[in-house]
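1. Got a predicted structure plus its sequence, pasted below:
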Amino acid sequence: MQSTTLEKQLNFLREIDRLKSVVRQSPLLDKSRKENSAEHSWHLAMYALLLGEYASGPVDTNRVLRMLLIHDIVEIDVGDFPIHGGSSPELQAEQEAVAAARLFGLLPQPQGDELLALWQEFERAESEDAQFAKALDRFQPLLINVVTGGGTWTESGVSLEQVLSRYGPVIRRGAPQLWAVCEEWVTQHFAAGQV
């Protein structure tokens, strides 16, 4: 018996509920617990909604929102790869591509293909929309680390140079004005010896 379009969509929505169980390294700002990947994706969508004027070029906010809502769905299958975790980028990309094919393949066509293509666009970060989305994906955890007095930077022994090299190019490329603010925060943070 062939599944209907609605059955496939509902199955996908049930499957992505599992994203709520993927715990990230970043804490909530009140430090009460670590955030999960679903919360992270929602929060990034809010960043895109409010901060679009800081993109390096013209962006389609709707497309950026869609990218951010789906960008970490692959973590259902592969978990979170923290920026300071030292994992292999090649292995991560390979595992995430397999997960994306499986998860978006649950949807009816052409909907699944469209979301897979949008996810791939985010990963390649070649379009203005994807560059801005990627910048926000780096900006949010940087802000969390500054506000929480070091957060994952302290836990992982991250240096000023590592912060500048791991966050800087991506944020600067997609949102240079946000990077200017980040540089000030990071410099003040490390100068105060908080990490």
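-> Arrived safely, thanks for sending.

2. Near residue 76, how many residues? Count them for me, please.
-> Number of residues near residue 76 (other Cβ atoms under 10 Å) recorded here: 20. The way it works is simple: take the backbone N, C-alpha and C, and place the C-beta from them, glycine included.

3. If you could redo that for residue 189, that was the one I meant.
-> So residue 189, with other Cβ under 10 Å, has 20 neighbours.

4. cool, residue 97 as well?
-> 16.

5. Let's verify it: helix, strand, or coil?
-> With DSSP: H, G, I helix; E, B strand; the rest coil as the basis, the three-state label of residue 97 is helix.

6. Please apply the same query to the one 3 residues further on.
-> Here residue 100 is recorded as helix under three-state DSSP.

7. Now find how far off-centre the helix or strand of the chain with the lowest mean pLDDT is within its chain.
-> Least confident helix or strand of the chain, by mean pLDDT, DSSP states H and E, is helix 151-156 with a mean of 90. Distance, stretch centre to chain centre, for helix 151-156: 18 Å (Cα atoms, centre = their mean, to the nearest Å).

8. what's the next secondary structure element after that helix?
-> Next helix or strand after helix 151-156 toward the C-terminus (DSSP states H and E): helix 160-174.

9. buried set for that next one?
-> Along helix 160-174, these residues count as buried under the neighbour rule (16 or more other Cβ atoms under 10 Å): 163, 164, 167, 168, 170, 171, 172, 173, 174.

10. can you check stretch 68-88 too?
-> 68-78, 80-81, 83-84.

11. and which of these is nearest residue 140?
-> Lowest distance from residue 140 to the buried residues of stretch 68-88 (Cβ to Cβ) belongs to residue 68, with 9.7 Å.
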